[in-house]
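Asks: Quick one, structure for this:
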Amino acid sequence: MEVIPSISGEILVEQCLFSSTMWKPFSFRRTFVLSLLLLLPGTPSFGLEVPADLKALGNTLNQAGFKVLFEQPPRKDSYGLINTRQKTIWIAPITVEMGIFRSTYIHEAVHAAQSCPTGKLTPIGWDLKVDPAVSLAIKSILYRNYKPALFDIEREAFLMQGQTDAVKQVISAIQERC
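Replies: Residues are numbered from 1 along each chain as shown. Below is the predicted model of the structure:
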């Protein structure tokens, strides 16, 4: 069993299977906290290459009081989830293998910014432009998977995922709103 030091104590990893490009957990005794990967130098990365901009986003979320967990969200059919009351974000490990880790992380970070300062999700009001085909795909996702009351919140998060300066905008919003 490997012991990984962390800010809040130790995380015990029972067994992990590794490949050269990504990590695949076999089983965990305790939660593996993504913020360790994003924030602590020298922490084993398990093959997950975290870009500097996402490390900065992790720092910003942490400073705003959010905890990011790299584990299956409580809602089994989702890749990412936020609990605004607990200020907890979940990112499913499968997002790495699927190639959607970055977009899922940005999406949930947008929700973190939307939740500040009241804890209630409210649109930030960004004027985000995307290709008409992307806009149509987002509308399709919204109508199939979300209640109309959540359309504005989710649309903003989906639109931000594809922006070239998404991380910079989200960090700025978190710093201003939280």
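
Asks: Please make it C-alpha for all contacts and neighbour counts, starting now.
Replies: Will do.

Asks: So for the helix or strand hosting Gly58, what gets flagged as buried?
Replies: Secondary structure from DSSP states H and E places Gly58 in helix 52-63. Across helix 52-63, burial judged by 16 or more other CA atoms under 10 Å covers 54-61.

Asks: quick one: it to chain centroid distance?
Replies: Distance of helix 52-63 from the chain centroid (CA atoms, centre = their mean, to the nearest Å) equals 11 Å.

Asks: Which secondary structure elements does that helix sit against?
Replies: Counting contacts by 3 or more CA pairs under 8 Å, 6 or more residues apart in numbering; DSSP states H and E, helix 52-63 is packed against helix 34-39, helix 101-115, helix 166-177.

Asks: got the residue ranges for the strands in the chain?
Replies: Using DSSP state E, the strands of the chain run over 2-6, 9-13, 15-18, 23-27, 67-69, 80-83, 88-91.

Asks: Averaging pLDDT per element, find the lowest-scoring helix or strand in this structure.
Replies: Of the helices and strands making up the chain, the lowest-confidence element is strand 15-18, at a mean of 27, by mean pLDDT, DSSP states H and E.

Asks: So Asp152 sits against Pro123, correct?
Replies: Yes: at 6.5 Å, Asp152 and Pro123 qualify as touching, with contact defined as CA atoms under 8 Å.
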